[in-house]
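1. sequence first, then the predicted structure:
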Amino acid sequence: MLLAYARTAACADGNLISFQAPKPLSYDELRKLAVEDPPRGPLAEALDRVLSEPVIDNHASLSGARPFRLTTSSGYVLRIAEWNINRGINFDDVQWVLSASVRFDDNAQFRGSSVAEHRSVKELQLVRSADVVILDEADDGMNRTKYRNVARALARALQFNYVYGVEFVELNRLYMAEKKLDQVRDEIKPHTDAAFALDPARFRGLEGTAILSRYPIVDARLIRLPECYDWYHGEIKEISALEHARRWSAMKIFKESIRRQVRRGGRMALIADLAVSEAPGRHVTVVAPHLENYCPPSCRHSQMDYLLDHVRDTPNTVVIAGDLNTTGRDGTPTSIRREILKRVRSWRFWAKEALFWFVPVPFAAVVEIPVNYFKNYHDPTAISVPLLLPNRERPLFDDLQTFRFSDGGALNFSGTPALAVRHKSRTLADSNQRSWKGFVPTFSFHKTYFHLVGSFKLDWFFIKSGAGSANGKRVPTPSLRAQCGHTLKRVNKVFGTRISDHAPITVDLALTSGVEGTKADDTCTF
């Protein structure tokens, strides 16, 4: 059985570990994992090791690389970026965006006015000057990304240390080859043996999360989150007619090709403690969760609560950054039977039907749908009115806002105009860029119909601030103030077409006052 919480020390006798990693699964072990249910004996142990032990690489620091140590009018700034890079399929483009040594105009397509070009350049400067970069959906040994170890290749090319945690062991092609199982009709052509050809010497089948850091990594661990969807059994069973229809419509309307993904593993959070000498306590803890999308919002809520319980005792400054999949919808693969039972067994469904039966307003139930959609549009933190105007993601944010660490610290939900992009106020404006309505979305389908549907705010920053303790007593401690949270939509389309289905985001943490380091412009005003 997988460990829910696995910790790996990255320091020995005060010295950084240069490199450590779990023993990789062999190609024969991967083939067995595709069909042996459940895995047993040495095979189960090998899988548990890969899913519970992070890779740690401090090669950059041990080779003499140092952080940028940006300074602004507020002193030293720790700049953090987060980006779901869609497995690293457009690896060269991702590397170009993150590379501080490449000219801005090389290969880029700055479209529109000089103002738009200026903003594109400023966005590139922002992401390229980040000292910490969290990458969701990074492949290792997958044929779709040319068998690259995406995290390691980026870290070595850009002179970062890195830590990597495996979310899934991808077994789709191996399962198909072993079982000769046909895909859903009309989605792809009937399989042939050649369609499943893989290079046994290079195939590792891993997808996960990486934290790249110019600061030394002194500790790392993985937290496996509660299961909201069974990515092995749920994907190999026959897809129902209704689910087939939903996948067909997603592909035809939004150009989103949804295919079966047979996997071992599940959602998790990767945690790294970084040695940041300017920070209170000289350490910053980065928590990078990736919550489930194939589930109702209530299960994402339970995953976040589980994660918070496991980081409650963290004494350092904490940065939670990742893809929370806050779409507001139930993405569970469905069937006609499930859709019927979901309504028959739901008290909310019957209460709502009764409510609208007695409401003396014609077509009230019809009007409620667009009104509620607009209320929640790009804002999963919007107020929830049970039955009438629900927001199913709101409980997750309520728990984040009321959560307290053991030392009394809390996650900063403030919106201070002087610290926010375009001087926005309201919830989370300091750390996440707000728009005229809700937040600037970080995810979009290819077709968004004038941005009215098909785009969501899925990627988030949450920063711990507040009280600490000394000699057993709670005392005020310096807060790492979050400021200038940006969504870098132009960066994601700097080549004319988007690099990933997600745009990167950045935030600055004011560390201390200082006079040395690299000067940076006021990042909130461009």
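-> Received, thanks. Predicted model, so just to flag it, every value in this text is computed and none were measured.

2. show the average pLDDT along whichever strand or helix holds E45.
-> In this assignment (DSSP states H and E), E45 forms part of helix 41-52. Averaged over helix 41-52, pLDDT sits at 97.

3. likewise stretch 163-177?
-> Mean per-residue pLDDT for stretch 163-177: 92.

4. ditto for stretch 426-437
-> 95.

5. buried set for that stretch?
-> Under the neighbour-count criterion of 16 or more other Cβ atoms under 10 Å, stretch 426-437 has T427, L428, A429, D430, S431, N432, Q433, R434, S435 buried. Bear in mind the C-beta positions are built from the backbone N, C-alpha and C, glycine included.

6. beta partners for the spatially most central residue of the chain?
-> Computing the C-alpha centroid of the chain and ranking residues by Cα atoms, centre = their mean puts D323 first, at 2.4 Å. On the basis of DSSP bridges, D323 is bridged to H290, D459.

7. so who does it touch?
-> Listed by Cβ atoms under 8 Å, 6 or more residues apart in numbering, the contact set of D323 reads N84, D136, E137, H290, L291, L458, D459, H502.

8. sorry, back to before: which strands and helices sit next to the helix holding E45?
-> Judged by 3 or more Cβ pairs under 8 Å, 6 or more residues apart in numbering; DSSP states H and E, helix 41-52 is in contact with helix 27-35, strand 161-170, strand 217-224, strand 263-265.

9. kindly recompute the last result at 10 Å.
-> Judged by 3 or more Cβ pairs under 10 Å, 6 or more residues apart in numbering; DSSP states H and E, the packing partners of helix 41-52 are strand 5-9, helix 27-35, strand 161-170, strand 206-213, strand 217-224, strand 263-265.

10. need the ones you listed in a markdown table with distance to K237 and mean neighbour count, can you?
-> As requested, these are exported to a markdown table (distance: least, Cβ to Cβ, whole Å; neighbours: other Cβ atoms under 10 Å):
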| stretch | distance to K237 | mean neighbour count |
| --- | --- | --- |
| strand 5-9 | 30 | 15 |
| helix 27-35 | 15 | 19 |
| strand 161-170 | 18 | 27 |
| strand 206-213 | 21 | 28 |
| strand 217-224 | 23 | 23 |
| strand 263-265 | 14 | 21 |
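
11. with respect to V50, which of these lies nearest?
-> strand 161-170 (5.5 Å; Cβ to Cβ).

12. so what strands line up beside the closest one?
-> By DSSP bridges, strand 161-170 pairs with strand 55-57 (antiparallel), strand 206-213 (antiparallel), strand 263-265 (antiparallel).

13. just to revisit the earlier point, buried ones in the helix holding E45?
-> Buried-residue list, helix 41-52, by 16+ other Cβ under 10 Å: L43, A46, L47, D48, R49, V50, L51, S52.

14. tell me what angle that helix forms with strand 206-213.
-> Taking axes from the mean of the first three to the mean of the last three Cα atoms, to 10 degrees, one finds helix 41-52 and strand 206-213 inclined to each other by 40 degrees.

15. which residues in the stretch 1-150 of the chain form helices?
-> 27-35, 41-52, 59-62, 91-98, 114-128, 150-158 (DSSP state H, counting those that start in this stretch).

16. can you put the ones you listed in TSV and add distance to G496?
-> Below are these laid out as TSV (distance: least, Cβ to Cβ, whole Å):
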stretch	distance to G496
helix 27-35	37
helix 41-52	38
helix 59-62	32
helix 91-98	11
helix 114-128	12
helix 150-158	22
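
17. mean pLDDT lowest where, among the ones you listed?
-> For the helices of the stretch 1-150 of the chain, mean pLDDT drops lowest on helix 114-128, to a mean of 87.

18. now do the helices in the stretch 201-350 of the chain.
-> Under the criterion DSSP H, counting those that start in this stretch, the stretch 201-350 of the chain carries helices at the ranges 233-236, 241-254, 297-311, 336-344, 347-358.
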